[in-house]
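J.: below is the structure, and that's it, no one-letter string:
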């Protein structure tokens, strides 16, 4: 309920006071930083000029002092930037809490904290423990986890503010009701070019994920529009605040593509944190596979299927299956078991190496190591034994071992050997083998198996510097990918988010993401069941596509009926109709070929952009893109376009579901006949 009268005047007066304190703090800090930088420069100059007169201990102390002062300045600058970011909009909510001792206090929530020597805490960082009361409780009995233990009491008031350009526009008192005024106002607004933070509308089920520090791995299954990506980014911001010495460089996000990476790039900076490290699984594959010049991107792999450019679907299904993992394990075990040094050899006509000794080392002494790591260490030991502890002859011995053995380090040969072995269920034919050997680009389905096989033989790389890993669009990663990831980041914590209903891989689908839980220690599976993106009318339609009944729409009805089209002739007029009403319009097609046709037909008439797997930046005002690139994105209005040459088939309901759930306010669907 909106506050008025005396209460509103009091809040206006408080805002003026806070803005004055904030301005004074910024001015004071600006002067301090300037003076500190001058003092630091003088200190560095003095150290440099007197370096020769210092002994080692004095020099080390000077370096340590210099580093300490530099870090102190950087911390001040970082806090200054955070305060400057909130100078026009210092807080977004407040609570009044009464603890068990009947002591009342007000807490104002902002993107960062502000303290004053006379008044204490003026603004609390939204991530501080007491601020969880705002997100987790209705007015009434409440408890929060303070550093010294749980604090119980009564939540007497919850209030939200709309502040723009240093002016209080409105304020609302509310409970935990999901239909509160501010949430509905935010949901009703137009989408933006890039994702925005949601600190003022985080809901309880989302907050449970964001603030969870008990579990090492969280596996979050969330329906379309439940805010999975926003939750992941706010969780990162919370962990950076909560965990000692955790920095953005310790966190890695696996994104589905570069479009998505660009789309989310504003959220963490808005929350006052640096963007984390980001990658795609394809980038990891490209880094690991040196035998080919390029790895086929996942989206191109998917696109080939929908463009009907796949000749041997059953073979690809086998390569993507979970069953092939055990087949490869057995093949590699057999390959290692049969591996032998076949001949004695002499190095430099002086040192003779006995094959039996080498085979004993290979299969007994170093049997716990990955196979080619054993070869490395044996070569190193031979060099040390024959050259007085020196390892300079290690490359020579390694080469001689390989030249006199039954095994090879030609991974292409080893990989193709699997498809010729008895362990393989579906073999590659001669043409497929020839194409594999000749191509400079390795197919996506082969790349996953190729990397796994390399890992089994030489060990998986260990990324010990990464403490937190976030994987979005989790349903698009196969069990094998999670197996590889769990070995590379074996000491990291994970946040894994996805929706099996939004699977776009036609060769692989989970019944539930819970199946990957055993790969990660101390894992917990959580569900997000409310959708904040689309209107009830759109949700009702998308539920019917997959036969869902558990999806809960939070946005109030907009009384905009879904429009169905059976003719492709009205596309241009439909686009113009939506452009007049909304800030962003997307034409989403079944495949890239159709998207290209639409673009070529319209780009001379309308300011339309084409999104493909190589796109990194785009303007959301009017775009055309295939459905498998649309995941994670949202638009004010969507046209799900198909014609007689590009209808969604019966087994492509998940792809159609993805396309339709991108719409926030209005949806127009073409050619949804009996085949769809």
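T.: It's in. As the structure is a computational prediction, the values presented were derived from the model and not from experiment. Residues are numbered from 1 along each chain as shown.

J.: can we go C-alpha only for contacts and neighbour counts from here?
T.: Will do.

J.: quick one: the strands in the stretch 1-150 of the chain?
T.: Assigned by DSSP state E, counting those that start in this stretch, the stretch 1-150 of the chain shows strands spanning 93-99, 104-110, 114-116, 120-125, 140-146, 149-164.

J.: turn those strands into TSV, columns for mean pLDDT and mean neighbour count.
T.: Shown next, in TSV, are the strands of the stretch 1-150 of the chain (pLDDT from 0 to 100; neighbours: other Cα atoms under 10 Å):
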stretch	mean pLDDT	mean neighbour count
strand 93-99	95	21
strand 104-110	94	19
strand 114-116	92	15
strand 120-125	94	18
strand 140-146	94	15
strand 149-164	94	17
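
J.: for those, which one sits closest to residue 221?
T.: For residue 221, the closest of the strands of the stretch 1-150 of the chain is strand 140-146, at 25.8 Å, according to Cα to Cα.

J.: which residues are contacting the closest one?
T.: 129, 130, 132, 133, 150, 151, 152, 153, 154, 155, 156 (Cα atoms under 8 Å, 6 or more residues apart in numbering).

J.: what pairs with the residue nearest to the second one when sequence neighbours are not counted across the strands?
T.: In space, residue 130 comes closest to residue 144 once its chain neighbours are excluded; the distance is 5.9 Å by Cα to Cα, 6 or more residues apart in numbering. Here residue 144 shows beta-bridge partners residue 151, assigned using DSSP bridges.

J.: burial count for residue 29?
T.: Neighbour count for residue 29, taken as other Cα atoms under 10 Å: 16.

J.: what does residue 202 give?
T.: Neighbour count of residue 202, defined by other Cα under 10 Å: 20.

J.: who's in contact with it?
T.: By Cα under 8 Å, 6+ apart, the neighbours of residue 202 are residue 135.

J.: is it in a helix, a strand, or coil?
T.: Under DSSP: H, G, I helix; E, B strand; the rest coil, residue 202 falls in the coil class.

J.: please apply the same query to residue 455.
T.: Taken by three-state DSSP, the conformation at residue 455 corresponds to helix.

J.: what's the neighbour count on it?
T.: Residue 455: 18 neighbours (other Cα under 10 Å).

J.: how near is it to residue 24?
T.: 57 Å (Cα to Cα, to the nearest Å).

J.: could the strands of the stretch 1-150 of the chain be laid out in CSV, adding distance to residue 44?
T.: Below are the strands of the stretch 1-150 of the chain laid out as CSV (distance: least, Cα to Cα, whole Å):
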stretch, distance to residue 44
strand 93-99, 45
strand 104-110, 37
strand 114-116, 32
strand 120-125, 35
strand 140-146, 42
strand 149-164, 43
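
J.: quick one: closest of the ones you listed to residue 670.
T.: strand 149-164 (39.5 Å).

J.: ends of stretch 145-153, what's the gap?
T.: End to end - Cα to Cα - stretch 145-153 spans 12 Å.

J.: over to stretch 349-356?
T.: Start-to-end, stretch 349-356 (Cα to Cα) is 19 Å.

J.: coming back round to it: just name the closest of the contacts of strand 140-146 to residue 60, please.
T.: Distances from residue 60 to the contacts of strand 140-146, taken by Cα to Cα, are shortest for residue 129, at 39.9 Å.

J.: and that closest one, what does it touch?
T.: 144, 145, 146.

J.: okay, it: pLDDT?
T.: Here the pLDDT value assigned to residue 129 is 95.
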